[in-house]
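Asks: the amino acid sequence is not available; the structure is as follows:
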C-alpha cells in the first residue's frame, strides 16, 4: 500500500488548489471552501473586493489540521460563511516557512501567547493580521469559541471598526520593526554562557528529564549545548541534565520502541504518550545528538537509538532518488490517530514465543494500565533489560536477545496495518539536517553504509536542488536562509568524515551564495528570505533556536568552520557580523539562542 499522503479525489475540483504539488494543499483541493494558494490572484482579489483574508497554515502530518478540516472546512455551512465574507488562502508551512514564521510571530504579538498548527489568521487585504488563533472547534469548548462564531465576530469587526483596525495595523508593524535585531555593542562571554546554563537548569525536569511540563518537546539544541558544556568544561550538572534527558526520551513513548525514530513531542511530562507525527527534521537533529552522546559515553541505549533510527530512515523515509521524505502523519487513512503504533497485549502475546512474552510484557509496560486513551498500550521501556535480568535471574544478554527478537516480530506484524499517511515532499533543508545526522553517526560508530546513505542524499541535492549556481528548497522554488545554512553544515559534516575536493568546492559556492543573497549589508546577520524575494509586511531575521536550529546560528558556526578549513578571513568576518547583530538578543535570553552563543564563544 502506498504511503503517499495525497488521496485521489472522487469529486471534481471545488477550488483553486487542484494544481498544487503540495500533498497538504491537495488534501483541501476538493472542499467547498474557495481556497486559493498564496499568490497575487488571491491578494489582488482581496484588495479589489475590500475583503479580509482568512489565512490557514498547516502541514500534511498535522493531526489538528485534519480535525479542523473535517469539522469545518468539509462542512458546507461554515464553508459558505468563509466564501461569503473572506478571501480564503491555504498555505503549506513546509513549502512557505517565510509565511509561517511571519504569521506565527504576529499571532504571538496579537494574542500574547504561543502559536501552533493549524494557524488561523485574519488579514487585511494588505496582508496585515488583525485577529488570529490556532485550532477553532466546530462547537464552543471551554475557553475556545466555535469557528462559526469567530467568522461572524471577525466579519462584524471588519465592517464596523475599520479605523481601530488601521491603528492596530500600524502598532503591529511598529512592533515587528522593534523586534528586528540591531547591533548594540553587547559582548557575549563566558558569563552569558553561565546564564544560559542557569536558565536551562531552572526549567529542567529533574524527575523525567527535559524542560517544563506537558506538552513536552525534545529541545535538541539545548541538550547539545549542555552535553558539550559537560564534556568540554567538566560541568557534571550540565552533563547529567543532557544525558538523563536523552535516556528518558529514548526509554519513553516519544521514541518508537519497535520501528525506531522519534515522534514530534510528548503529550505528558513523562515522555509516555506522544503526538504521533514523525518529522524528518526532528530525527535528523536528534540523530546527530544521540551519536554525540554515544561517542561520549559508549552507552548501549544510545547506540541502539542511533542504529534503529537510521534503519527507520532507510526503510520508511528514503526516496528512490536518494532524498528523504518530509513526515509521517499521526493519522492513518481513516483518520485514526496513533492507530499504527498502539497495541493490545493479546495481539503481542500471540505474535511472540512464551519466553519473549514473559520478558517483553514487563519490559514494554504491557502488565501496567493502558496509557493511550485508557484503552490501548503505547510501548515504552517500563523495566530495563538489566532490571529484568535480576528479577528473572537470567543473563542480561539473553534478555536483550529476547527483546530484540520480539521487536523484529512486532515490526513485521505492525507493517500489516493501515499505515500513517506520508508526505513525500523532499525539502532541501530537512534533507540536509538528516545528512548531518548520518555523517556524525558514521563518525561515532564507523558505519560506512551510513556515509553511503548520506552521500547519496547529498548527490540528490546536488543534482536536483543546485541549479545554475542557485539552491532550491523544492523544484522551482528558491531556497531560504535555513536551506543554505543546513546544506553548508551538511557538506562540512560529510567532509569531516570523508574529505573530498568536490564537497569543499560546493561548500564554498553555497557559502558565497548565502552571503551574497541573504546577509544584511548594513547591520550584519542573515535575513530569512533572499534580497530579491517578493516583499511581505516584514522581513525577518531570526536567531532563536526552535524545532530546527537557528539558521543564523547554524550559518555562523558553519562559516567559522569553513574559515578554519580555507584560512579565508571573510568567512570569519561574516560570522562575526552575524554574532554581533544578535548579541543583545542572545544576552537577554541566552538559553533560546544556544547556537548563536556557541558561535560567539567559538570565534
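Replies: Cool, got the structure. Everything quoted here is computed from the prediction, not taken from an experiment. Numbering: from 1, shown residues only.
Asks: C-alpha only now, for contacts and for neighbours.
Replies: Noted.
Asks: other SSEs contacting the helix or strand where residue 83 lies?
Replies: Under the criterion of DSSP states H and E, residue 83 resides in helix 76-85. If contacts are counted by 3 or more Cα pairs under 8 Å, 6 or more residues apart in numbering; DSSP states H and E, helix 76-85 sits against helix 147-160.
Asks: which residues touch the helix or strand just after the helix it packs on?
Replies: Sequence order places helix 162-179 as the next helix or strand after helix 147-160, per DSSP H and E. Here helix 162-179 makes contact (Cα atoms under 8 Å, 6 or more residues apart in numbering) with 106, 109, 128-130, 158, 537-538.
Asks: and the closest residue in space to residue 124 that isn't next to it in sequence, what does it touch?
Replies: Leaving aside its chain neighbours, residue 124 sits nearest to residue 52 (4.9 Å; criterion: Cα to Cα, 6 or more residues apart in numbering). Residue 52 makes contacts with 46, 85-87, 122-125, 158, as judged by Cα under 8 Å, 6+ apart.
Asks: and the gap between residue 52 and residue 343?
Replies: Distance, residue 52 to residue 343, using Cα to Cα, to the nearest Å: 47 Å.
Asks: same question for residue 226.
Replies: Distance from residue 226 to residue 343, by Cα to Cα: 36 Å.
Asks: now the contacts of residue 52 in a markdown table, with pLDDT?
Replies: A markdown table is the format used below for the contacts of residue 52 (pLDDT from 0 to 100):
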| residue | pLDDT |
| --- | --- |
| 46 | 97 |
| 85 | 97 |
| 86 | 98 |
| 87 | 98 |
| 122 | 98 |
| 123 | 97 |
| 124 | 97 |
| 125 | 96 |
| 158 | 97 |
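Asks: mind checking which of the residues you listed are buried?
Replies: 46, 85-87, 122-125, 158 (16 or more other Cα atoms under 10 Å).
Asks: next, count neighbours for residue 407.
Replies: Look at residue 407: counted by other Cα atoms under 10 Å, it has 18 neighbours.
Asks: what's the closest non-adjacent residue to it?
Replies: That would be residue 258: by Cα to Cα, 6+ apart, it lies 5.5 Å from residue 407.
Asks: which one's more surrounded, residue 226 and residue 343?
Replies: A count of neighbours by other Cα under 10 Å puts residue 226 above the other of residue 226 and residue 343, at 26 against 20.
Asks: from the contact counts, what lies against the strand or helix carrying the more buried one?
Replies: Assigned by DSSP H and E, residue 226 belongs to helix 220-233. Other elements packing on helix 220-233 under the criterion 3+ Cα pairs under 8 Å, 6+ apart are helix 236-251, helix 280-297, helix 594-602.
Asks: try 10 Å this time
Replies: helix 190-203, helix 236-251, helix 280-297, helix 594-602 (3 or more Cα pairs under 10 Å, 6 or more residues apart in numbering; DSSP states H and E).
Asks: turn those helices into TSV, columns for distance to residue 468, mean pLDDT and mean neighbour count.
Replies: Shown next, in TSV, are these (distance: least, Cα to Cα, whole Å; pLDDT from 0 to 100; neighbours: other Cα atoms under 10 Å):
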stretch	distance to residue 468	mean pLDDT	mean neighbour count
helix 190-203	41	96	16
helix 236-251	42	98	21
helix 280-297	27	98	23
helix 594-602	31	95	23
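Asks: before we move on, the earlier item: buried residues, the helix holding residue 226. List them.
Replies: 220-231.
Asks: name the SS class of residue 61, please.
Replies: Recorded secondary structure, residue 61: coil (DSSP: H, G, I helix; E, B strand; the rest coil).
Asks: which non-adjacent residue is nearest it?
Replies: Per Cα to Cα, 6+ apart, closest to residue 61 is residue 329, 3.7 Å.
Asks: and of the contacts of residue 52, the nearest to residue 277?
Replies: Nearest to residue 277 among the contacts of residue 52 is residue 122, at 27.2 Å by Cα to Cα.
Asks: which ones are touching that closest one?
Replies: 52-56, 86-88, 128-133, 151, 154-155, 158 (Cα atoms under 10 Å, 6 or more residues apart in numbering).
Asks: can you check residue 203 too?
Replies: 210-213.
Asks: and residue 123, by the same measure?
Replies: 46, 51-55, 86-87, 103, 129-132, 158, 169.
Asks: which one of those is nearest residue 237?
Replies: Closest to residue 237, out of all of these and judged by Cα to Cα, is residue 103, at 37.9 Å.
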